[in-house]
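Visitor: Need coordinates for the following:
(one chain, ligands or ions: 1)
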Amino acid sequence: MDQSFSPAIEALGLTKRFEETVAVAGVGLVVGPGRVHGMLGPNGAGKTTLLTMLMGLVRPDAGTIRILGRTRDEFGACMLDGVAGFVESPRFYPYLSGRRNLALLAELDGGAAASRIDEALDLVDLREQAGAKVGGYSVGMRQRLGIAAALLRDPRLLILDEPASGLDPAGMRDMRALVARLAHDGTTVLLSSHDMAEVEELCDNVTIMRRGGVVFDGSMGTLRQRAPDPAFRLATSDDERALEVARDAPGIAAAVAGDELLVHAQRDNLDGYVIALGRADVAVRRLDLESSPLEALFFALTEDEPEESAEPAASVPQEATR
Ligand SMILES: Nc1ncnc2c1ncn2[C@@H]1O[C@H](COP(=O)(O)OP(=O)(O)OP(=O)(O)O)[C@@H](O)[C@H]1O
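Guide: Coordinates of the predicted model:
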């Protein structure tokens, strides 16, 4: 088979229990080569457990994993050759410099890893601070050093658990730019995140998890098609009249929400509604986006229904990734 088109990750029926908790319940995942694939889900959905199984750090109770075309047994002594990344936060010796930490890791890895230290530091934009002790690094610098450590292995597949977690907005922007650059250069990236905006910006495909199961698996395009109209919070000078106007306005669903109105509408229809409010002598005092279409879909997919049972969701991938 032509390896360049075989999936970077192919997992089937993965299950992991921790005593009573089913952390991952029969999950299947296919990640195509050169893709950026997002794992999205609320706290406790099972993302980290899934990533640790894929990285070979935890053995699944059931299911099979092929990474870069090989099973764990076929990797043998060269444990997951071509795969790198981190789950939870990357860890370093705080009293050593960034460069020294990388040098120690390179020694463990052997081969050409040591010769890649400068290039890795350049890629994550840490060359100038590489001589400083890691204890003095910001969260963002540590996350970037974590990626540099992964890059020493010259990976074809990079697995990153919430790489932007704990970063300030500038740090997040830099982290996203770095991931996009690595993907552009051909590395397959699997990253977990809480943040739909981040996944939307970076990922070609996404798996959304809830309670150990998969509730969506497919392309960002398919996800967008399933997304509902965005929701807006609207404050007016006369809410009663505004609701009347909404009844005659095309594509507008408005309802009272506290002391404001909640309006679901596509932007074009919203424009027409706001103009109609003006014509009806209703002043718009505030109009804010409550949730983007994708955020609204994410909440709908992952939030618990009050009457639902505590069983994990079934997890059949809806759309295989390329
Ligand atoms: N080592 C463990 N021992 C016991 N339970 C665990 C262990 N690891 C995970 N769990 C449980 O498994 C479930 C899934 O946890 P996991 O950390 O995989 O979720 P997550 O989606 O990564 O959450 P977060 O976004 O908060 O990191 C949770 O209920 C968690 O408490």
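Visitor: quick one: contacts for the closest residue in space to A62 that isn't next to it in sequence?
Guide: Across the structure, with CB to CB, 6 or more residues apart in numbering as the measure, the residue nearest A62 apart from its sequence neighbours is T15 (4.2 Å). Backbone N, C-alpha and C define where each C-beta goes, glycine included. Under the criterion of CB atoms under 8 Å, 6 or more residues apart in numbering, the contact list for T15 reads V22, V24, A25, G26, V27, P60, D61, A62, G63.
Visitor: Distance from stretch 122-132 to the middle of the chain?
Guide: 26 Å (CA atoms, centre = their mean, to the nearest Å).
Visitor: quick one: average pLDDT of that stretch?
Guide: Model confidence over stretch 122-132, given as mean pLDDT, is 89.
Visitor: Can you tell me who the residue minimising distance to the centre of the chain pairs with across the strands?
Guide: With distances taken as CA atoms, centre = their mean, the residue of the chain nearest its centroid is S193 (3.3 Å). With beta bridges defined as DSSP bridges, S193 has these partners: L40.
Visitor: is it true that it touches P42?
Guide: No. With contacts defined as CB atoms under 8 Å, S193 does not count as touching P42, sitting 11.2 Å away.
Visitor: S192 touches E198, doesn't it?
Guide: No. With contacts counted by CB under 8 Å, S192 stays clear of E198, the gap being 10.3 Å.
Visitor: So those two - more neighbours on which side?
Guide: Legend: neighbour count by other CB atoms under 10 Å for S192 and E198, higher for S192 (25 against 20).
Visitor: Run a quick neighbour tally on the closest residue to P293 other than its chain neighbours.
Guide: On the basis of CB to CB, 6+ apart, the spatially nearest residue to P293 that is not a chain neighbour turns out to be A227, at 3.5 Å. Each residue near A227 was counted by other CB under 10 Å, and the total is 15.
Visitor: now G218
Guide: 18.
Visitor: On the three-state scheme, it is what?
Guide: Following DSSP: H, G, I helix; E, B strand; the rest coil, G218 is assigned to strand.
Visitor: Overlap of the contact sets of S192 and E198?
Guide: Each of G38 lies in contact with both S192 and E198 under the rule CB under 8 Å, 6+ apart.
Visitor: sorry, back to before: would you list the buried entries among the contacts of T15?
Guide: Using 16 or more other CB atoms under 10 Å as the burial test, those include V22, V24, A25, G26, V27, P60, G63 as buried.
Visitor: So which of those residues are in strands?
Guide: Secondary structure from DSSP state E places V22, V24, A25, G26, V27, G63 of the buried ones among the contacts of T15 in strands.
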